[in-house]
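> Sequence first, predicted coordinates after that:
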Amino acid sequence: EDQVTQSPEALRLQEGESSSLNCSYTVSGLRGLFWYRQDPGKGPEFLFTLYSAGEEKEKERLKATLTKKESFLHITAPKPEDSATYLCAVQATTGGYQKVTFGTGTKLQVIP
Amino acid sequence: DGGITQSPKYLFRKEGQNVTLSCEQNLNHDAMYWYRQDPGQGLRLIYYSQIVNDFQKGDIAEGYSVSREKKESFPLTVTSAQKNPTAFYLCASSTQLGRETQYFGPGTRLLVL
């Protein structure tokens, strides 16, 4: 069974204090790994898609990387507006269907 | 602006009542999805549709039904058979099933009276 585990569950950072969020996965036939940002009471907002090990993508203070077993979302010099829950999801071939499995998220709080 | 709209934002269901959640997209996407989000759990797939007039059950389809009569619309009905319907419901779409990214709507919160 495909599994996606995100850690830590919650992370509290001081403004400017860089850190990383982890997404480890166990799937067969990875087709893509996705990162989303979700604010309370809203739908997930797409951030990145990574397709193969070694791939990296950046957007403002965020950088996503991918290995064969995990992905990291690096946050450089975070600001309070970066506070949100960050979701990781993997898409894999399961029984002929391209299934997407989501992790439970990391809740990030950035304190001024 | 292209995007996905969901309505209503909040929905209240009485015992034994069926309720329908609306999802509309103007992204010209072929594939559409319904997920349920509960606290402390990852998003769980209810139903998905690759093309008009075709849809498949996801992991937790019991107590739910859908239709796909138009490419832009994918309404979800929560039936009285769903005994624990209180959750945040998210609709998503992608260009097609496969490696493509799914984009989400703003969600509907369903509460039971």
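On my side now, so go ahead.

> Next up, the contacts around residue A:65.
Contact partners of residue A:65, counting by CB atoms under 8 Å, 6 or more residues apart in numbering or on different chains, are A:50, A:55-56, A:71-72, A:74. The C-beta positions use only the backbone N, C-alpha and C, and glycine is treated the same way.

> where's the most centrally placed residue in chain B, which helix or strand?
Using CA atoms, centre = their mean, the residue of chain B that lies closest to the mean C-alpha position is residue B:34, 2.9 Å off. For residue B:34, the element it lies in under DSSP states H and E is strand B:31-37.

> Can I get that strand in CSV? Just the C-alpha atoms.
Below are the C-alpha coordinates for strand B:31-37, written out as CSV (Å, rounded to 0.1, in the frame of the first residue of the first chain):
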residue,chain,number,x,y,z
ALA,B,31,-10.4,15.0,-15.0
MET,B,32,-12.2,16.0,-11.9
TYR,B,33,-12.0,14.7,-8.3
TRP,B,34,-13.8,14.8,-5.0
TYR,B,35,-11.8,14.5,-1.7
ARG,B,36,-12.8,14.5,1.9
GLN,B,37,-10.5,16.1,4.6
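
> Check which helices and strands the helix or strand following that strand sits against.
Later in the chain than strand B:31-37, the nearest helix or strand by DSSP H and E is strand B:44-51. Secondary-structure packing of strand B:44-51 (3 or more CB pairs under 8 Å, 6 or more residues apart in numbering or on different chains; DSSP states H and E): strand B:31-37, strand B:54-57, strand B:64-66.

> out of those, deepest packed?
Comparing those by mean neighbour count (mean count of other CB atoms under 10 Å in any protein chain shown), strand B:31-37 ranks first with a mean of 24.

> tell me the angle that one makes with strand B:44-51.
170 degrees (axes from the mean of the first three to the mean of the last three CA atoms, to 10 degrees).

> Spell out which parts of chain B neighbour chain A.
Applying CB under 8 Å from any CB of the partner chain, one finds that chain B approaches chain A through B:4, B:6, B:40-43, B:45, B:56, B:88, B:90, B:97-99, B:101-107, B:109.

> Just the buried ones out of these, please.
Buried subset of these (neighbour count, 16 or more other CB atoms under 10 Å in any protein chain shown): B:4, B:6, B:42-43, B:45, B:88, B:90, B:97, B:101-105, B:107.

> Around chain B, pick out the residues from chain A.
So chain A meets chain B at A:4, A:31-32, A:34, A:36, A:41-46, A:49, A:51, A:87, A:89, A:91, A:97-105 (CB under 8 Å from any CB).

> Make a ChimeraX selection of whichever of the residues you listed turn out to be buried.
Buried members of the residues of chain A next to chain B, defined by 16+ other CB under 10 Å, are picked up in ChimeraX with:
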select /A:4,31,32,34,36,43,44,49,87,89,91,98,99,100,101,102,103,104,105
